[in-house]
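> model this:
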Amino acid sequence: ETVKRSEALYAEAVNQRKQAEQALENAKAARTLAEQSRKEAAVSREAASQSRKASENARQAAEKARKVASNSRQQAESVRKDAEAQRATAEERRADATKASDESREISIAA
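Predicted coordinates for the structure are as follows:
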């Protein structure tokens, strides 16, 4: 009777040891998975940060391009106005020269 009880206790102790070892293995696996998950989360956070930075850089580049385009339009308008003013001045001078030429011819004819 005592031998059977002793063997049963021994078998239960062996079984409990195996369960404890399995629990330890499970804990190690869980720790490994947790570490891997932490690393993946860090990588994900870094990727999100890089994405935000790239988005901000793109926004700034678009704003600069808009300003450059606006400045180019303003410069083109200024050049167009200057050219129009020069054309008007040239037409006035041509008209004045034609008038002076006509007057000179009339004076020559009269003389």
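
> can you tell me what sits against stretch 23-32?
Contacting residues not belonging to stretch 23-32 are not present [Cβ atoms under 8 Å, 6 or more residues apart in numbering]. For the C-beta atoms, the positions are set from N, CA and C on the backbone; glycine is no exception.

> can you give me how far the helix or strand harbouring residue 94 is from the chain middle?
Using DSSP states H and E, residue 94 maps to helix 2-110. Averaged C-alpha coordinates place helix 2-110 at 0 Å from its chain's average position (Cα atoms, centre = their mean, to the nearest Å).

> and it, average pLDDT?
For helix 2-110, mean pLDDT rounds to 96.

> gap between residue 108 and residue 96?
Taking Cβ to Cβ, to the nearest Å as the measure, residue 108 falls 19 Å from residue 96.

> likewise residue 51?
In terms of Cβ to Cβ, residue 51 sits 67 Å off from residue 96.
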